[in-house]
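In: Build me a model:
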Amino acid sequence: MEFKRSHTCGQLRAEHAGQPATLAGWVNTYRDQSKGLLFIDLRDREGLTQVVFNVEDGSTDVIDQAKALRREDVIAVHGTVRMRTGGPNPKLATGEIELLAESIEILNKSQTVPILPDQHEAEKIDEEKRLRHRYIDLRRARMQNILRTRHRVTKIARDYFDHHGFTEIETPFLIKTTPEGARDFIVPSRLYPGQWYALPQSPQIFKQILMVAGVDRYLQIVRCFRDEDPRADRQAEFSQIDLELSFTSRDEVMDLMNGFLRTLWKQVLDVEIGEIPVMTYREAMDRFGIDRPDTRFGLELVDVSDLAAKTEFKVFQDALAKESGVVKAIRVPGGAEKLTRKMTDGYSEFVKQFKAGGVPVVKYTDNGLETGIARFIEPIADELVQRLGLEPGDTVLFGADSYSIATRALGELRNRIARDLDLIPEGRWDFLWVVDFPMFEWDEDARRWHSSHHPFTSPRADQMELLASDPAACLSDGYDIVVNGSEIGGGSIRIHQPDVQQRVFSILGIGEEEAQEKFGFLLDALKYGAPPHGGIAFGLDRLVMHLVGTENIRDVIAFPKTQTGGDLMTGAPGPVDPAQLEELHVRSVLPETESAPA
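Out: Got it, this is the predicted structure:
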């Protein structure tokens, strides 16, 4: 049979009954009922169709061929569409019909597959095995849906920003290494011995150059590279929806991006997200202990430092004696029954990874404060009940340390408690802009300032004087967009004046010679009429993760790396022929007995 597919395996419906059809795809399941009756479910990316081989109904000539079929064989089959004889299958979009086979062509036989492209089976299979055979894993309906969703997201982005006057422009992958907070991947140059390219951690400098070049509005869906230590929600190579605008302001950028997110969630999920609130960094830290707060549930942090000062509890007193020392509390409604001693002891261990000493606990009952540190804080019992709005059956967890340690520890603990007690509502989308970040962060070990965002972020217009007088108090013109406690994008208004850029470099300890060596072409460009500009980058992978409902970043990338940076399918990274290294003027210092991990 010379076949030409007439329909996909997800298209046929009751209205096609009585019509001829030709399908092509993979044998998903195979059921031989003997006595000349055989069923297969044929699969392609659009869905499944039941195909029937029945001697009594005219499949005599193809029944022997059908008996030789096995799962994942690739076939084309021609026949007549009819209503399903055993009654409809409500689990399938094509469940009202079946195809009575009249002829078949076996396009390719499959060996016994190491994994099956079945969602239920995939949940039992080790992820490394699925990544090693990714070409089969991607056949799963869920994975096909994720790939199509990713395509839709990029198309919606291109259409939306094209409508708003953005021009899509590519920037180079082989660039000069620049410090951006993570290690660069570097590439040796054959033509320039001893010299190296770097792969870009972001197109930051190039998109600013494009603003100087008069592009006005730039877009790129771009691959970025960061040689970071392993993290569950990160990949060494990842994708951004990258944007930059000239003659703009923070409010304009945020308004444009609000429109994009509303469009995206509406078109992909049919969800109206409404107005997106704005919160300052300081408010986020005060109330939630984290700069990407999840506002779908309560458990907010409350400052009780003034009350703690009235007690003689040594933990509180030691904390308050520190510079910026605070005591904060979280009220857990119903915690007296929901939180066991084992759980609260575990929370004390949990916060130690954030440098906190532990989590003092007290319960509030009809008899007042009980257990834990109740006897130490009895003098402030009534005030504490009023401050926190306590009701009988509640538990209070405290954090006592410097502001940064106490708030961060309780912020992370807040999220853990919400997961433990199942307090996070399903199907809810809480978006939030976080603004007014500190311009600089002090590194106590290095005894120097670092950029909270990157060194090209501008101070807020009303904060310029603080660059010289009080860098610690200076606020940036940066902004992050958060959904359900996950940062999905971030950006800032950039520095466009050379003298301001030099002042920022000076605070960061970057001298004129070092600045010229690392960023000379940008600094030169700023001298020749750079317009005010700003931008943002969305993490494409994270956007898709939210839209398809997965917490595994590897699910939304067609060919991901493992958490340790390996590609199990291709075997990368791998050795290079010594002759190639010699041509690049590079040699390996790794002992012959050692090798890179698979």
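
In: any idea where the helices of the stretch 451-598 of the chain begin and end?
Out: 466-469, 498-507, 512-526, 540-548, 578-583 (DSSP state H, counting those that start in this stretch).

In: Show me the one of these that comes nearest E170.
Out: Counting by Cβ to Cβ, E170 lies closest to helix 540-548 out of the helices of the stretch 451-598 of the chain; the figure is 15.7 Å. The way it works is simple: take the backbone N, C-alpha and C, and place the C-beta from them, glycine included.

In: Can you give the contact residues for that closest one?
Out: Outside of helix 540-548, the residues within contact range by Cβ atoms under 8 Å, 6 or more residues apart in numbering are 145-146, 149-150, 153-154, 221, 233, 235, 238-241, 264-265, 268-269, 483-484, 486-488, 551-553, 555-557.

In: Flag every buried residue along the helix or strand where R31 lies.
Out: Element membership of R31, judged by DSSP states H and E, is strand 20-32. The neighbour-count check on strand 20-32 (16 or more other Cβ atoms under 10 Å) flags 21-28 as buried.

In: Point out the most buried one among the helices of the stretch 451-598 of the chain.
Out: helix 540-548 (a mean of 22; mean count of other Cβ atoms under 10 Å).

In: which intervals of the stretch 151-300 of the chain have sub-threshold pLDDT?
Out: By pLDDT under 70, the weakly predicted segments of the stretch 151-300 of the chain are 179-181, 230-232.

In: Please enumerate the helices of it.
Out: Using DSSP H, counting those that start in this stretch, the helices assigned to the stretch 151-300 of the chain run over residues 204-212, 250-269, 281-288.

In: With F225 as the reference, name the closest of the ones you listed.
Out: helix 204-212 (13.1 Å).

In: what angle sits between the closest one and helix 512-526?
Out: 40 degrees (axes from the mean of the first three to the mean of the last three Cα atoms, to 10 degrees).

In: For stretch 516-536, give the distance from the opening residue to the closing one.
Out: Length of stretch 516-536, first residue to last, Cα to Cα, to the nearest Å: 25 Å.

In: Stretch 542-553 too?
Out: 7 Å.

In: now it, how far from the chain's geometric center?
Out: 6 Å (Cα atoms, centre = their mean, to the nearest Å).

In: which stretches of the stretch 201-350 of the chain form strands?
Out: With DSSP state E, counting those that start in this stretch, the ranges of strands along the stretch 201-350 of the chain come out as 217-225, 237-246, 278-280, 301-303, 325-332.

In: T167 contacts V215, correct?
Out: Yes - with contact defined as Cβ atoms under 8 Å, T167 counts as touching V215 (6.0 Å).

In: picking up where we left off before, how far does the strand holding R31 sit from the chain's center?
Out: Distance, centroid of strand 20-32 to centroid of chain: 37 Å (Cα atoms, centre = their mean).

In: How about stretch 575-584?
Out: Using Cα atoms, centre = their mean, the offset of stretch 575-584 from its chain centre is 36 Å.

In: go on, stretch 471-487?
Out: On Cα atoms, centre = their mean, the centre of stretch 471-487 falls 17 Å from the chain's centre.

In: helix/strand/coil for E56?
Out: Secondary structure, DSSP: H, G, I helix; E, B strand; the rest coil: E56 is helix.

In: typo on my end, it should be E105
Out: strand.

In: partner residues bridging it?
Out: A76 (DSSP bridges).

In: follow-up on the earlier one: who does the strand holding R31 pair with, and is each partner parallel or antiparallel?
Out: Applying DSSP bridges, one finds strand 20-32 paired with strand 37-44 (antiparallel), strand 74-83 (antiparallel).

In: same question for that strand, mean pLDDT?
Out: Mean pLDDT, strand 20-32: 96.

In: same thing with stretch 45-62?
Out: 89.

In: Same check on stretch 403-411?
Out: On average, stretch 403-411 scores 96.

In: Just the C-alphas of it, formatted as PDB.
Out: These are the backbone C-alpha positions of stretch 403-411, laid out as PDB (Å, rounded to 0.1, in the frame of the first residue of the first chain):
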ATOM      1  CA  TYR A 403      17.000  40.400  60.900                       C
ATOM      2  CA  SER A 404      18.400  38.700  57.800                       C
ATOM      3  CA  ILE A 405      18.800  35.300  59.500                       C
ATOM      4  CA  ALA A 406      15.500  35.300  61.400                       C
ATOM      5  CA  THR A 407      13.300  36.500  58.500                       C
ATOM      6  CA  ARG A 408      14.900  34.100  56.000                       C
ATOM      7  CA  ALA A 409      14.700  31.100  58.300                       C
ATOM      8  CA  LEU A 410      11.000  31.800  59.100                       C
ATOM      9  CA  GLY A 411      10.200  32.500  55.500                       C
END
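
In: Which of the residues in it are classified as buried?
Out: Quick answer for stretch 403-411 (16+ other Cβ under 10 Å): 403, 405-411.

In: what's the answer for stretch 371-381, then?
Out: 372-374, 376-377, 380-381.

In: now do stretch 321-339
Out: So for stretch 321-339, counting by 16+ other Cβ under 10 Å, buried means 325-333, 335-336, 338-339.

In: how long is it from one end to the other?
Out: Across stretch 321-339, first to last residue, Cα to Cα, it's 31 Å.

In: Endpoints of stretch 88-99, how far apart?
Out: Stretch 88-99: ends 13 Å apart by Cα to Cα.

In: Quick one: residues in contact with it.
Out: 9-14, 16-17, 21, 23, 42, 47-52, 77, 79-85.

In: quick one: which helix or strand includes Y364?
Out: Per DSSP H and E: strand 361-365 holds Y364.

In: now the helix or strand just after that strand: how far from the chain's centre is it?
Out: In the C-terminal direction, the helix or strand that comes right after strand 361-365 (DSSP H and E) is strand 368-370. Offset of strand 368-370 from its chain centre (Cα atoms, centre = their mean): 43 Å.

In: And stretch 248-264, by the same measure?
Out: How far stretch 248-264 lies from its chain's middle: 20 Å, per Cα atoms, centre = their mean.

In: buried stuff in that stretch?
Out: 248, 250, 253-254, 256-258, 260-264.

In: ok, residues contacting that stretch?
Out: Counting by Cβ under 8 Å, 6+ apart, residues outside stretch 248-264 touching it are 153, 156-157, 160-161, 164, 245, 272-276, 278, 431, 433, 435, 477, 479, 481, 489, 491, 493, 532-536, 543, 547.

In: A284 and L547, how far apart?
Out: Distance of A284 to L547, given as Cβ to Cβ, to the nearest Å: 24 Å.

In: I misspoke; the intended subject was I63.
Out: Applying Cβ to Cβ, the value for I63 to L547 is 45 Å.

In: now R387
Out: R387 is 40 Å from L547, by Cβ to Cβ.

In: what do you get for W196?
Out: For W196 relative to L547 (Cβ to Cβ), the value is 38 Å.

In: Low-confidence stretches in the stretch 1-150 of the chain?
Out: Along the stretch 1-150 of the chain, segments meeting pLDDT under 70 span 1-2.

In: ranges for the helices of it?
Out: Using DSSP H, counting those that start in this stretch, helices in the stretch 1-150 of the chain cover 63-67, 119-122, 127-132, 134-137, 141-163.

In: Next, the buried residues of the third one.
Out: Under the neighbour-count criterion of 16+ other Cβ under 10 Å, helix 127-132 has 127, 130-132 buried.

In: And for the longest one?
Out: Of the residues in helix 141-163, those buried by neighbour count under the rule 16+ other Cβ under 10 Å are 141, 143-144, 146-147, 149-150, 153-154, 156-157, 160-161.

In: Columns distance to D422 on top of the residues you listed, output as CSV?
Out: CSV is the format used below for the buried residues of helix 141-163 (distance: Cβ to Cβ, whole Å):
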residue, distance to D422
A141, 28
M143, 28
Q144, 31
I146, 26
L147, 31
T149, 27
R150, 30
V153, 30
T154, 34
I156, 33
A157, 34
Y160, 36
F161, 39
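
In: ok so, going back, biggest separation within the buried residues of stretch 371-381, which pair?
Out: Pairwise over the buried residues of stretch 371-381, using Cβ to Cβ, the maximum falls at G372 and I380, 14.2 Å.
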